[in-house]
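1. got a structure for you, letters missing:
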């Protein structure tokens, strides 16, 4: 069975601080996909990134970066120089192609609060 | 390109009533999934539809049902509402063969 653990329930930082959101996953599949989504107060989940299990390259997109390590089953997300607009709940998710579709299992989310 | 549209945004219903929520996917997306989000249980998968057929189902009672139309729009229905059904219901659509899903803003259902 798949499982995603986001141990940090809430993180509070001051603007311009760097912050890392942790994600640890469990799966018995060799092919799987990892995701990060952002949920602002408006409610919708905004897709941020997808990583497949064969690609351990780290990725950087502006102030966002992701560190995927299969050896520790982790897919951590770092925001550099945080801004107030980054305040949201962030979800890590895991899926495989069982049943012909990719139904993700979500972690419980980490609420990030960035203070001005 | 328009995103995923869910209607209504907010609903208040009484215990025992039934409710229908609607989801219009992104144009060209034929897969539609529904999720329930509550503070206690987090995000839980309800079901997925593809080409008018239910392809996957989560662990929810039969009071929760859904359907998909030929234009890929989807509805979910909850009958005999219980207080515990109060939640944010999110719909997501995706392209066939693609892993990332795109979500709507959700319908916040309150059962009183």
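-> Now that the structure is in, tell me what you want to look at. Computed from a predicted model, the values in this text were never measured in an experiment.

2. from memory residue A:30 sits against residue A:52, does it?
-> No - using Cβ atoms under 8 Å, residue A:30 is not in contact with residue A:52, being 10.9 Å away. Every residue, glycine included, has its C-beta placed from N, CA and C.

3. those two: who's more crowded?
-> The neighbour comparison of residue A:30 against residue A:52 (other Cβ atoms under 10 Å in any protein chain shown) goes to residue A:52, with 12 against 8.

4. neighbours of the nearest residue to the more buried one once chain neighbours are set aside, how many?
-> Leaving aside its chain neighbours, residue A:52 sits nearest to residue A:33 (5.3 Å; criterion: Cβ to Cβ, 6 or more residues apart in numbering or on different chains). For residue A:33, the count of nearby residues is 19 (other Cβ under 10 Å).

5. let me see the contact set for residue A:33.
-> Residue A:33 makes contacts with A:50, A:51, A:52, A:53, A:94, A:95, A:96, A:102, A:104, B:99, as judged by Cβ atoms under 8 Å, 6 or more residues apart in numbering or on different chains.

6. contacts for the helix or strand hosting the fifth one?
-> It refers to residue A:94. Using DSSP states H and E, residue A:94 maps to strand A:88-95. The contact list for strand A:88-95 (Cβ under 8 Å, 6+ apart) reads A:2-4, A:6, A:21, A:23, A:25, A:27, A:32-41, A:45, A:75, A:77, A:102-107, A:109-112, B:43, B:99.

7. starting from that strand, tell me which strands it pairs with and how they run.
-> In the sheet, strand A:88-95 lines up against strand A:33-39 (antiparallel), strand A:105-106 (antiparallel), strand A:110-115 (antiparallel) (DSSP bridges).

8. what residues does chain A have near chain B?
-> Neighbours of chain B within chain A, by Cβ under 8 Å from any Cβ of the partner chain: A:33, A:35, A:37, A:42-47, A:50, A:52, A:91, A:95, A:99-109.

9. and those residues, which are buried?
-> A:33, A:35, A:37, A:43-45, A:47, A:50, A:91, A:95, A:101-109 (16 or more other Cβ atoms under 10 Å in any protein chain shown).

10. for residue B:92, give me its contacts.
-> Each residue near residue B:92 by Cβ under 8 Å, 6+ apart is listed here: A:45, B:4, B:32, B:33, B:34, B:35, B:101, B:102, B:103, B:104.

11. could you measure from the second one over to residue B:13?
-> Yep, that's residue B:4 we're talking about. Computed as Cβ to Cβ, to the nearest Å, the residue B:4 to residue B:13 distance reads 23 Å.

12. same check, this time on the fourth one
-> Shown here: residue B:33 relative to residue B:13, a distance of 23 Å by Cβ to Cβ.

13. so for these two, which sits in the more crowded spot?
-> Of the pair residue B:33 and residue B:13, residue B:33 is the one with more neighbours under other Cβ under 10 Å, namely 28 against 16.

14. what's downstream of the helix or strand hosting the more buried one, the next helix or strand?
-> Using DSSP H and E, residue B:33 sits in strand B:31-38. Per DSSP H and E, strand B:31-38 leads on to strand B:42-50 as the next helix or strand towards the C-terminus.
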